[in-house]
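J.: coordinates only, no sequence provided:
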């Protein structure tokens, strides 16, 4: 089932509320998820899963963990475009990578995308 006509893209943020729908055991309000599947895989009917990686909010990025300087931890800074702009740092590790069936993803989060995917940009 493709996610055609969707705003979901690689790098899109899944908010804690939406992530808890996909993963009921995740009850932490600071747990975000980031779509890591390639855009073409999101639309390809032959690919049955959406890959995501869960991450936690942290107060500040550590330069030792940005720009793929460390192989087991990555600090990603997102800019929420509002007035005034606000940056958020999410720490991700490979151990928190998950694969979700595309049908389940689409049923729970739809094809429209979250507000965050439209107003957040990776810095």
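T.: Yes, it's here. What you see is a predicted model; the values in this text were computed from it and never measured.
J.: only C-alpha atoms from now on, for both contacts and neighbour counts.
T.: Fine.
J.: where along this protein do the strands fall?
T.: Using DSSP state E, the strands of the chain run over 13-14, 31-35, 49-58, 74-80, 86-101, 120-122.
J.: highest average neighbour count across those strands?
T.: Highest mean neighbour count of the strands of the chain: strand 13-14, a mean of 27 (counted as mean count of other C-alpha atoms under 10 Å).
J.: mind giving me the packing neighbours of it?
T.: On a contact count with 3 or more C-alpha pairs under 8 Å, 6 or more residues apart in numbering; DSSP states H and E, strand 13-14 meets strand 31-35, helix 115-119.
J.: any idea of the mean pLDDT in that strand?
T.: Averaging pLDDT along strand 13-14 gives 84.
J.: and that strand, which strands flank it?
T.: Strand pairing for strand 13-14, determined by DSSP bridges: strand 31-35 (antiparallel).
J.: what's the offset of the strand it pairs with from the middle of its chain?
T.: Centroid displacement of strand 31-35 relative to its chain, using C-alpha atoms, centre = their mean, to the nearest Å, is 3 Å.
J.: likewise stretch 54-70?
T.: Remark: stretch 54-70 is offset 15 Å from the chain centroid, using C-alpha atoms, centre = their mean.
J.: repeat for stretch 89-96
T.: Going by C-alpha atoms, centre = their mean, the spacing between the C-alpha centre of stretch 89-96 and its chain's C-alpha centre is 10 Å.
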